[in-house]
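Novice: The following block contains a protein sequence and its predicted model.
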Amino acid sequence: MGRKLWIAFFACAIVLSAPLGGVAAQTLPIVPKAGAAALLARSSQSQAPSKLSSRLRALAASAELQTSSEQAQAQAVGLPARGPGSLIRDAQGRLLIDVWLGATSAASLDSLRRAGAQVVDVSPRYGVVTALVAATDLAKVGQLADVSYAMEEYTPIHGSDSPQQNSAAAGPARLQAPASTCPVGVAVTEGDAQLKADQARTTYGVNGSGVKVGILSDSYDADASANTHAADDVTSGDLPGAGNTCGFTTPVSVLSETVSTGTATDEGRGMLQVVHDLAPGATLAFASAHNGLFGFASNIQALSSWGANVIADDVTYFAEPMFQEGPVSVAIGNVTAAGAVYLTSAANSNFILGGHDVSSYEAPAYRPTGVPSFLASQGEESCHNFNPSGAPNNAYAITLANGGSFLFDLQFAEPWYGVTTDLDVWLTDAANNVVAASFFPASGPHPVTPFQFMSFQNLSGSSQTYHIEVCRFTGNGYDHATPRFKWVMLNPRGITAVAYPTSNGGDIVGPTIFGHSASQYSLSVAAAPFNDSNNPETFSSRGPATHYFGPVIGTTPAAAVTPVFLQQPDFAATDGGCTSFFGQFAGGNCYRFFGTSEAAPHAAAVAALLKQKYNLTHTLAINQGTARFLLQSTAQAMSGGSAGSTGAGLVDALAAVAKELLFTHHVFLPFLMR
């Protein structure tokens, strides 16, 4: 079998990672149709070069697989059937894909539509269209003359860590809030007191009035199984709108919902409840971040156009670059330059083993060494040497308990639109069987992004040791470069041992923050438990990060720059606070919302209080620089925190507003903080 046409290994890989975002972990082993994997390999060998990614080619090549279940399709291409890392689909089962075009002209869009695509988002700046396409139409899209490359969108991760299903079965029926709960509803987050927002409101007469807050997450009111719906939250006082018993009658503006309604959890509505608890006077809006990476960037701009002057999200796309500012970060830079304050969750990818953060690995350069014969047969000409000194080691050992899992994001330091190297990743068991992998196509155009993704869960019934191999392929015009590379294991579970638990010889182990959570444009928020103001959550992603190329601002590869060191997260805020429906049922009307997903809206609500007070006392509106200064310089010290885990410390709304007032009459402050 030819290199990279070998897909049979997917049939033996059980890769259903536990989905987060408040959805229960599900382990559903799938038995693929007999012969499906062999059919894929045979069809791929005979098919002419395509402009599709490896996984899309696999689906496009098999008529049998195209009519199989979504679970069978997912297993055949080595992905979870649902949850983070799965293929994004709409209610009809169509796949969300990114299609790069020579130009996003009307004629090109018409060609896509005639091939069966439904356009979801158009990004002329990047020459890409995000579209829904049935598996049966993938081949037609890949053959269009206007198309230069097409790849799948993966369901992004969220900064939530709530393993219990959000449904009526998980808790009691909803209760309507009595008037005595005003100014907010029946479920009030403890973050209101922990971050001293309650004291700031009482002391300085602020509640967010005059400020517009926008939230980006998966969905707002699209989860049919949710314990409450938006109308319930309004009548209970947990959200504003007509019928709100506390007088906050301006409804939440919903700019867009997710195209993937089958996986919606309404996490965005839970985030908006947090904002309403701390800043009940703020006007609120929601836009989905689940309509693809470029759709996410577009909706950031849409919220700004709506008038949002504080924006927060809790989403990270796997393809967001680790070594430069990507399209989402660039959109954030645009809205903050226009005066908005933007906050994002740091994500939940840290894993502590023996006192060490072990969820990432970064090498300053690819160090070629020998390649095992079973990978050489797939065309790999070398593998990375993980040992910076001593005997070469081409396999990184990792031990997973039964049920242990991770989502694996590998990237190398080449700019978007300038990929000339092919680094692949393989996961093998003790018998050298490949159980998961990610690789570029062996023929056709090069991908736009230096990015590989795989997912794995150990369902063997016992603890197992696996090996990660990062190898280089030099066919199809790829060169022999040795770029810096990094992987992050996102949302890891059940890791009991790793080959290299500490940094050594220039290799860096530990920092997991990346994408727009590690950006010069955003404020990145770590998570601290609602009942512990001194220690971060163990899962809260750690920094720092470093960029080596300029931002992705178009289709020309960005130039290398002097390395930009990003000491993030910026600060921490509450998680585990109560909402009326989202998270783990804790009794009464409280569902505990854990993760940096809840920390971000807590900090956003404090920013809204700052915005209101600043607007009342100064002619110039507070901007991102001022907000960063005020929130960092007044943060409460956390004895168990550090620069890499909690930034400046725990947000303190009372101290931040007080400091803003102290500097209000110093006319130089707005200029210094720009």
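Specialist: Yep, it's here. Numbering: from 1, shown residues only.

Novice: Low-confidence stretches in the chain?
Specialist: Applying pLDDT under 70 to the chain flags residues 1-49, 161-181, 615-621, 662-674.

Novice: Tell me which other helices or strands the lengthiest strand in the chain touches.
Specialist: Scanning the chain for the longest strand, with DSSP state E as the assignment, gives strand 396-412. Judged by 3 or more CB pairs under 8 Å, 6 or more residues apart in numbering; DSSP states H and E, the packing partners of strand 396-412 are strand 422-428, strand 434-438, strand 451-457, strand 464-473, strand 485-498. C-beta coordinates here come from the backbone N, C-alpha and C atoms, glycine included.

Novice: out of those strands, which comes closest to Pro372?
Specialist: The closest of the helices and strands packed on strand 396-412 to Pro372 is strand 464-473. By CB to CB, the value is 7.4 Å.

Novice: Sheet-wise, list the partners of the closest one with their directions.
Specialist: Paired neighbours of strand 464-473 in the sheet (DSSP bridges): strand 380-384 (antiparallel), strand 396-412 (antiparallel), strand 422-428 (antiparallel).

Novice: ok so, going back, can you redo the helices and strands packed on strand 396-412 as a markdown table with mean neighbour count?
Specialist: Formatted as a markdown table, the helices and strands packed on strand 396-412 follow (neighbours: other CB atoms under 10 Å):
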| stretch | mean neighbour count |
| --- | --- |
| strand 422-428 | 24 |
| strand 434-438 | 23 |
| strand 451-457 | 25 |
| strand 464-473 | 21 |
| strand 485-498 | 22 |
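
Novice: Show me the one of the ones you listed that comes nearest Ser288.
Specialist: Evaluated over the helices and strands packed on strand 396-412, closeness to Ser288 peaks at strand 485-498, with 20.5 Å, by CB to CB.

Novice: between the strands paired with strand 464-473, which gets nearest to Gly268?
Specialist: Across these, the minimum distance to Gly268, taken as CB to CB, is reached by strand 396-412, at 21.4 Å.

Novice: buried set for that closest one?
Specialist: By neighbour count with 16 or more other CB atoms under 10 Å, strand 396-412 contains the buried residues 396, 398-400, 403-412.

Novice: Just confirm Gly510 contacts Leu353, I think it does.
Specialist: No: checked against CB atoms under 8 Å, the pair Gly510 and Leu353 is beyond contact range at 10.6 Å.

Novice: neighbour-wise, which of the two wins?
Specialist: Applying other CB atoms under 10 Å to Gly510 and Leu353 shows that Gly510 carries more neighbours, namely 21 against 15.

Novice: for the more buried one, what are its contacts?
Specialist: By CB atoms under 8 Å, 6 or more residues apart in numbering, the contact set of Gly510 is 356-360, 503, 542, 644.

Novice: which one of the residues you listed sits closest to Trp487?
Specialist: Ser360 (6.5 Å).

Novice: My guess is that closest one contacts Val509. True?
Specialist: Yes: using CB under 8 Å, Ser360 makes contact with Val509 at a distance of 6.5 Å.

Novice: Hmm, Ala607 and Ala573 touching each other?
Specialist: No: applying CB under 8 Å, one finds Ala573 not in contact with Ala607, separated by 10.4 Å.

Novice: Could I get the full set of strands for the stretch 501-650 of the chain?
Specialist: 508-509, 523-529, 545-549, 560-566, 571-575, 577-579, 584-585, 591-593 (DSSP state E, counting those that start in this stretch).

Novice: Quickly run through the sheet partners of the first one, with directions.
Specialist: Based on DSSP bridges, the pairing partners of strand 508-509 within the sheet are strand 360-363 (antiparallel).

Novice: Out of the strands of the stretch 501-650 of the chain, the one nearest Val147 is which?
Specialist: Of all these, strand 545-549 sits nearest to Val147, with 25.6 Å by CB to CB.

Novice: ok, which stretches of the stretch 251-400 of the chain are strands?
Specialist: Along the stretch 251-400 of the chain, counting by DSSP E, counting those that start in this stretch, strands occupy 253-254, 283-288, 310-313, 315-316, 341-345, 352-353, 356-357, 360-363, 368-369, 380-384, 396-412.

Novice: got JSON lines for those, with distance to Ser236 too?
Specialist: Listed next are the strands of the stretch 251-400 of the chain as JSON lines, based on distance: least, CB to CB, whole Å:
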{"stretch": "strand 253-254", "distance to Ser236": "19"}
{"stretch": "strand 283-288", "distance to Ser236": "16"}
{"stretch": "strand 310-313", "distance to Ser236": "23"}
{"stretch": "strand 315-316", "distance to Ser236": "27"}
{"stretch": "strand 341-345", "distance to Ser236": "26"}
{"stretch": "strand 352-353", "distance to Ser236": "38"}
{"stretch": "strand 356-357", "distance to Ser236": "40"}
{"stretch": "strand 360-363", "distance to Ser236": "42"}
{"stretch": "strand 368-369", "distance to Ser236": "61"}
{"stretch": "strand 380-384", "distance to Ser236": "55"}
{"stretch": "strand 396-412", "distance to Ser236": "35"}
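
Novice: Quick one: closest of these to Ser219.
Specialist: When the strands of the stretch 251-400 of the chain are compared by CB to CB, strand 283-288 sits nearest Ser219, at 6.3 Å.

Novice: Show me what the closest one is packed against.
Specialist: With contacts taken as 3+ CB pairs under 8 Å, 6+ apart, strand 283-288 sits against strand 212-217, strand 253-254, helix 267-278, helix 293-306.

Novice: Kindly recompute the last result at 6 Å.
Specialist: strand 212-217, helix 293-306 (3 or more CB pairs under 6 Å, 6 or more residues apart in numbering; DSSP states H and E).

Novice: Tell me which residues are up against that strand.
Specialist: Contacts with strand 283-288, where a contact means CB atoms under 6 Å, 6 or more residues apart in numbering, come from 212-216, 220, 250, 252-258, 268, 272, 299, 302-303, 306.

Novice: how about a cut-off of 8 Å?
Specialist: With contact meaning CB under 8 Å, 6+ apart, strand 283-288 is reached by 211-220, 239-240, 250, 252-259, 268-269, 272, 275-276, 295, 299-300, 302-303, 306, 308.

Novice: Any of the residues you listed buried? List them.
Specialist: 211-220, 239-240, 252-259, 268-269, 272, 275-276, 295, 299-300, 302-303, 308.

Novice: give the contact list for Gly550.
Specialist: Gly550 sits next to 324-325, 415, 558-559, 561 when contact means CB under 8 Å, 6+ apart.

Novice: Let's see that with 10 Å instead.
Specialist: Taking CB atoms under 10 Å, 6 or more residues apart in numbering as the criterion, Gly550 is in contact with 324-325, 415, 557-561, 564.

Novice: spatially speaking, which residue is in the middle of the protein?
Specialist: By CA atoms, centre = their mean, the chain has its centre lying nearest to Thr316, at 1.5 Å.

Novice: Name whatever forms a beta bridge with it.
Specialist: Assessed by DSSP bridges, Thr316 has beta-bridge partners Ile157.

Novice: Is it possible to get a markdown table of the helices and strands packed on strand 396-412 that adds distance to Thr596?
Specialist: Formatted as a markdown table, the helices and strands packed on strand 396-412 follow (distance: least, CB to CB, whole Å):
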| stretch | distance to Thr596 |
| --- | --- |
| strand 422-428 | 26 |
| strand 434-438 | 26 |
| strand 451-457 | 21 |
| strand 464-473 | 26 |
| strand 485-498 | 12 |
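
Novice: Downstream of the strand or helix carrying Gln73, the next helix or strand is which one?
Specialist: Using DSSP states H and E, Gln73 sits in helix 70-76. Going down the chain from helix 70-76, the next helix or strand is strand 95-101, by DSSP H and E.

Novice: The next helix or strand along the chain from that following strand: which residues count as buried?
Specialist: Going down the chain from strand 95-101, the next helix or strand is helix 106-114, by DSSP H and E. Residues 108-109, 111-112 are the ones in helix 106-114 that count as buried (16+ other CB under 10 Å).

Novice: Equivalent analysis for stretch 325-338, please.
Specialist: Residues of stretch 325-338 classed as buried: 325-333, 335-336 (neighbour count, 16+ other CB under 10 Å).

Novice: Might you calculate how far it sits from the centre of the chain?
Specialist: Mean C-alpha position of stretch 325-338 versus that of the full chain (CA atoms, centre = their mean, to the nearest Å) differs by 16 Å.

Novice: Since that was my last question, I'll sign off now.
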